[in-house]
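Participant: Fold the following for me, if possible:
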Amino acid sequence: MKPHEGRSRVIIEQVKPEIDCGRHAVKRVAGDLVMVTASIYGDGHDHLGARLLYRRANQSGWQYSPFVALGNDIWQASFQADSIGPWVYTVQAWVDHFDTWVHDLHKRLDAQAAPQPAGIPLNEPLPSGTSDATSTPPTAVASVAPSDIPLALRTGANLLDAASARARGEDARTLKGAASSLRWIAERSQPRYEFPLSPEIIGVAMQYPDLQFATTYARELPLWVDRERAQFSSWYEFFPRSASNTPGQHGTLRDVERMLPRIAEMGFDVVYMPPIHPIGTAFRKGKNNSTTAEAGDVGSPWAIGNADGGHKAILKELGNFDDFAAMIKTANKAGIDIALDIAFQCSPDHPWVKEHPEWFQIRPDGSIQYAENPPKKYQDIYPLNFESSDWQNLWEELYSVFAFWVGKGVHVFRVDNPHTKALPFWEWCIAEMRKTHPEVIFLAEAFTRPHVMYGLAKGGYTQSYTYFSWRTTKQELTEYMTQVTTAPVSDFFRPNLWPNTPDILPAFLQTTNPAAYMQRIILAATLGASYGVYGPAFELMEYQPAKPGSEEYLNSEKYQLREWDRENPKSLAPLYTLLNTIRHHHPALQTNETLRFHSIGNDNLICYSKRLGNDVVLCVVNLNPDSIETAYTTLDLVALGLTDSEFTVEDLLSGEVYAWRGAHNYVELDPARMPAHVFHVQTSDRLQDSAKA
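Facilitator: This is a model prediction of the structure:
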């Protein structure tokens, strides 16, 4: 079958970044330089031209950025995504006859015979006794120019005429005049020709390529641009009901508001609260996940809904919507986003159960199926049925939950177990929300298989929880973090590293050794541009599991009120503050793109760096909380941007400064003192640049 246009001779392949043949959007944040590469080639020796076409999705006209050939048919171009929302881009390439002509004309002119001495025929030997080195050169005369040069000049004139027809205004007149000049030169036989066009005229002509037979890539590729917090964020989680200063008293949203300045001072910019909705009473869970609740037990916030309402209501013990509005206002002033937990599941008391029983799975005996993971049973939770015959209305109602809270000033959502809901729903729901509120951020709490986690990210989730909680060895951390921070995964998946959650007390943290906690929070805050922590339990080093082998906390806050001694002198809150200060002062830590691991001769030490411009941060962490570890580094100096053999490293955790030389440097870390170095790497050139700034 013949193509529609067989004269389009250029092939475009392997465009990167591209997610699933353009099925899903590549992700960037506002201000990012979007770098695009492609394999571009054609037949023969003609030169090619190529440009990157890009635009905001709601614009009709393209903007252009030229591709540069990197060699071996690989080309590269870039553009800056300067606003949030949807963008598209594609690649266009063509046979560049004008550039080919310029190149060939240079070769023709270079091949002209050199000038010969006066009176001596071309290709004849000098007279006997004449020496170039000793005699005075006779008057030079030019050789006869090749006869094809005037013809080549006329060809160039035709190409410039065609370019002038595509140009406008002064550019068109300039190109027309250049064409006339070429013809004038061609009509006058000359013994020798010089190149007739200035770089300026060539530059003008190159702006108006002949695209008649250009090849345009088969797809317009989607790009989603988020606000900066989508890439760089520090999350602090706590339960509002445990926020009271009065022992035994249920916390309120006003208590949360009171806490916000302290959290902002620690450097956190997202405060995440578990569900704040009414809690069901049917089959309510008691302390430590007991199936029998006693008088006064507050139940699990994830058992959503009672007679007071469901997902669009506030637990009355927490307060009302005026309290919520006051909390949002205070958070905004402090530069904090309030993140709400959205858990699409219901208590048996939820209004949806009576109003829409068709949204749930009905068992043969007519009862509604509760959540279970046999043999475990969770009678206080009814999962939604995404195969319901009324699925369209179910989708609309769930979307309306997000829309409701966005209307109340919420722009960040942590979504509970999204992998247990239909993936097509999320793709539709998030896309609908972005039509009117592109600033909204969605964090997927999906501890599941990699393909499912990646599928949620491709479907629109801004960030995702990761396996970091369980990656503790050097090999595990290196392999996993390399995977999630390297293309193509990094083009759509943004990791958010959490050392603990209310559901996860990893075995590594079931210890009274503070070094274990310090190590994990330092890793999370420096390996990832986004990280989070279940705050009070971590900073006060809550370490006891519900039972041996369990990852559940004993006396879990999920089932009861807790009192936290936030002024405890052993609290890790000062380390939170120091790490977040370092993160905000060093742009290198605000991205994942440049994470590089360096060799160090001890499996209990891990060494890695991040670099952005002249800002370079190098970390060495002792993974053994119980012992001093030593080794020599083998640094990748190129990755660090180092040209000097001597440089200094300042430990941002301790303030100590070390003079280092080359790739091999001695490190000793005593976890009883501090289990890590977070070095700012400085050379003499960078010190001078900093002084000028």
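Participant: Only C-alpha atoms from now on, for both contacts and neighbour counts.
Facilitator: Fine.
Participant: Next, find the distance separating residue 347 from residue 564.
Facilitator: Residue 347 is 28 Å from residue 564, where distance means Cα to Cα, to the nearest Å.
Participant: Those two: which is more packed in?
Facilitator: Between residue 347 and residue 564, residue 347 has the larger neighbour count (other Cα atoms under 10 Å), namely 29 against 15.
Participant: Would you agree the more buried one is in contact with residue 307?
Facilitator: No. Under the criterion of Cα atoms under 8 Å, residue 347 is not in contact with residue 307, lying 10.7 Å apart.
Participant: Tell me the predicted confidence for residue 119.
Facilitator: Looking at residue 119, its pLDDT stands at 42.
Participant: now swap in residue 135 and tell me
Facilitator: Residue 135 is assigned a predicted lDDT (pLDDT) of 38.
Participant: go on, the one 10 residues further on?
Facilitator: Listed pLDDT for residue 145 reads 54.
Participant: just for this protein, where's the confidence low?
Facilitator: Segments of the chain classed as low confidence (criterion: pLDDT under 70) are 115-146, 684-693.
Participant: pretty sure residue 300 is in a strand, no?
Facilitator: No. For residue 300, which was evaluated using DSSP: H, G, I helix; E, B strand; the rest coil, the result is coil, with no strand membership.
Participant: was I right about it contacting residue 561?
Facilitator: No. Using Cα under 8 Å as the test, residue 300 is too far from residue 561 to be in contact (10.5 Å).
Participant: Neighbours of residue 639, how many?
Facilitator: By the criterion of other Cα under 10 Å, residue 639 has 16 neighbours.
Participant: Spell out which helix or strand contains it, please.
Facilitator: Taking DSSP states H and E as the criterion, no element holds residue 639; it sits outside all helices and strands.
Participant: any idea how far residue 609 is from it?
Facilitator: For residue 639, the distance to residue 609 - Cα to Cα - is 8 Å.
Participant: what touches both of those two?
Facilitator: With contacts taken as Cα atoms under 8 Å, 6 or more residues apart in numbering, the residues that reach both residue 639 and residue 609 are residue 596.
Participant: Okay, residue 65 and residue 51: tell me how far apart.
Facilitator: Distance check for residue 65 against residue 51: by Cα to Cα, it reads 6 Å.
Participant: I meant to write residue 278 there.
Facilitator: Using Cα to Cα, residue 278 is found at 56 Å from residue 51.
Participant: Who has more neighbours out of those two?
Facilitator: In terms of neighbours (other Cα under 10 Å), residue 278 is the more surrounded of residue 278 and residue 51; the figures are 27 against 21.
Participant: List the contacts of the residue nearest to that one when sequence neighbours are not counted.
Facilitator: In space, residue 278 comes closest to residue 315 once its chain neighbours are excluded; the distance is 4.1 Å by Cα to Cα, 6 or more residues apart in numbering. Contact partners of residue 315, counting by Cα under 8 Å, 6+ apart, are 276, 277, 278, 279, 308.
Participant: By neighbours, which of the residues you listed wins?
Facilitator: The most neighbours, when these are compared by other Cα under 10 Å, belong to residue 279, which has 29 neighbours.
Participant: Just the CA coordinates for stretch 15-29, please, in PDB.
Facilitator: Coordinates of each C-alpha in stretch 15-29 appear next as PDB, following Å, rounded to 0.1, in the frame of the first residue of the first chain:
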ATOM      1  CA  VAL A  15      10.700   9.800  20.800                       C
ATOM      2  CA  LYS A  16      11.500  10.300  24.500                       C
ATOM      3  CA  PRO A  17       9.800  10.900  26.900                       C
ATOM      4  CA  GLU A  18       6.800   9.000  25.700                       C
ATOM      5  CA  ILE A  19       4.600   6.900  28.000                       C
ATOM      6  CA  ASP A  20       2.800   3.900  26.400                       C
ATOM      7  CA  CYS A  21       2.800   5.300  22.900                       C
ATOM      8  CA  GLY A  22       1.200   8.600  24.100                       C
ATOM      9  CA  ARG A  23      -1.600   6.800  26.000                       C
ATOM     10  CA  HIS A  24      -0.500   8.600  29.200                       C
ATOM     11  CA  ALA A  25       1.000  12.000  30.000                       C
ATOM     12  CA  VAL A  26       4.600  12.600  30.900                       C
ATOM     13  CA  LYS A  27       4.800  14.600  34.200                       C
ATOM     14  CA  ARG A  28       6.800  17.800  34.900                       C
ATOM     15  CA  VAL A  29       6.400  20.800  37.200                       C
END
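Participant: just to revisit the earlier point, the residue nearest to residue 278: what secondary structure?
Facilitator: Classification of residue 315 using three-state DSSP returns coil.
Participant: what separates it from residue 350, distance-wise?
Facilitator: In this structure, residue 315 and residue 350 are 13 Å apart, going by Cα to Cα.
Participant: ok, now residue 632?
Facilitator: 60 Å.
Participant: Also residue 2?
Facilitator: Residue 2 sits 62 Å away from residue 350 when distances are taken as Cα to Cα.
Participant: Please say which of the two ends up with more neighbours.
Facilitator: Here residue 2 and residue 350 are set side by side on neighbour count (other Cα under 10 Å), and the busier one is residue 350, at 26 against 5.
Participant: Nearest residue to that one in space, ignoring adjacent ones along the chain?
Facilitator: What sits nearest to residue 350 in space, not counting adjacent residues and going by Cα to Cα, 6+ apart, is residue 305, at 3.9 Å.
Participant: what do you get for residue 643?
Facilitator: Taking Cα to Cα, 6+ apart as the measure, residue 643 lies nearest to residue 637, with 7.5 Å between them; neighbours along the chain are not counted.
Participant: I figured the one you found hits residue 663, correct?
Facilitator: Yes. Under the criterion of Cα under 8 Å, residue 637 makes contact with residue 663 at 6.6 Å.
Participant: Now do the contacts for the nearest residue to residue 15 once chain neighbours are set aside.
Facilitator: Using Cα to Cα, 6+ apart and skipping residues adjacent in sequence, the residue nearest residue 15 is residue 38, 4.3 Å away. Under the criterion of Cα under 8 Å, 6+ apart, the contact partners of residue 38 comprise 12, 13, 14, 15, 16, 74, 75, 76.
Participant: Could you look up the SS state of residue 525?
Facilitator: For residue 525, the assignment made with three-state DSSP gives helix.
Participant: Would you enumerate the residues in contact with it?
Facilitator: With contacts taken as Cα under 8 Å, 6+ apart, residue 525 has the following neighbours: 497, 531, 579, 580, 583.
Participant: how close does the nearest residue to the first one once chain neighbours are set aside get to residue 589?
Facilitator: The reference is to residue 497. Closest residue to residue 497 in three dimensions, ignoring its sequence neighbours and counting by Cα to Cα, 6+ apart: residue 531, at 4.4 Å. Residue 531 sits 11 Å away from residue 589, taking Cα to Cα as the criterion.
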